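**Student:** missing the sequence, but the structure's below:
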């Protein structure tokens with residue numbers, strides 16, 4: 001699926017981890033991909049780095065010599081994020097899956113603030129940021145239309161159940177492409 005639940009006929013070219021498998025585990029299971037710690041290789045070429053929660057700060061920002069306290073008053077802990085070297089974009093991926101109403105409903109409305117915070121944090125490294133939600137089918141309910149429209153209006157993205165590899169700027173293995 002893609003924005004607003006349209007399309008998505010070939011989900012085999014996307015991240016179908018549905019909150020059950022983290023991003024690095026999913027990528028490591030794909031043809032041509034190999035993951036070593038936080039490094040993602042495609043046909044033995046380094047194409048990306050993956051981080052979760054505190055490793056984003058303890059590894060990635062530390063390597064970039066970015067002191068997050070100079071930019072943010074409080075840490076933001078990403079569910080998953082991937083820095084794609086091929087397009088110099090940090091994709092922050094927040095997974096939201098639920099089956100009853102609750103606080104996640106309101107959390108979807110914070111994407112603009114969080115994207116701006118990540119952009120502020122990455123500006124000194126000249127790395128662009130994309131903030132993306134990976135949503136469960138629960139959010140296809142028409143009562144979320146306004147929130148989903150808002151997510152798009154502030155330049156963030158959402159996908160239902162999977163994110164296409166191509167949307168992350170990652171190579172799609174040829175055997176995964178079908179007509």
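**Tutor:** Yep, it's here. All of these numbers come straight from a predicted model, not from anything done at the bench.
**Student:** point out where the protein drops to low pLDDT.
**Tutor:** Applying pLDDT under 70 to the chain flags residues 1-21, 98-105, 176-179.
**Student:** ok, residue 146 - how many residues close by?
**Tutor:** 10 (other Cβ atoms under 10 Å). In short, each C-beta sits where N, CA and C put it, glycine included.
**Student:** how near is it to residue 109?
**Tutor:** 10 Å (Cβ to Cβ, to the nearest Å).
**Student:** mind listing what's buried along the longest helix anywhere in the chain?
**Tutor:** Determined from DSSP state H, the single longest helix within the chain is helix 111-122. By neighbour count on 16 or more other Cβ atoms under 10 Å, the buried set for helix 111-122 is 111, 114, 115, 117, 118, 119, 121, 122.
**Student:** dump these to a markdown table, plus distance to residue 29.
**Tutor:** Listed next are the buried residues of helix 111-122 as a markdown table, based on distance: Cβ to Cβ, whole Å:
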| residue | distance to residue 29 |
| --- | --- |
| 111 | 28 |
| 114 | 29 |
| 115 | 29 |
| 117 | 32 |
| 118 | 27 |
| 119 | 31 |
| 121 | 30 |
| 122 | 28 |
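**Student:** now, among those, which is nearest to residue 161?
**Tutor:** Residue 161 has its nearest neighbour among those in residue 111, at 18.3 Å by Cβ to Cβ.
**Student:** what is the burial count for the closest residue to the closest one other than its chain neighbours?
**Tutor:** Among residues not flanking residue 111 along the chain, residue 156 sits closest, at 4.1 Å (Cβ to Cβ, 6 or more residues apart in numbering). Using other Cβ under 10 Å, residue 156 is surrounded by 20 other residues.
**Student:** swap in residue 45?
**Tutor:** Count around residue 45 with other Cβ under 10 Å applied: 11.
**Student:** give me every residue that touches it.
**Tutor:** For residue 45, no contacting residues are found, by Cβ atoms under 8 Å, 6 or more residues apart in numbering.
**Student:** bridged to it, which residues?
**Tutor:** Beta-bridge partners for residue 45, by DSSP bridges, are residue 42.
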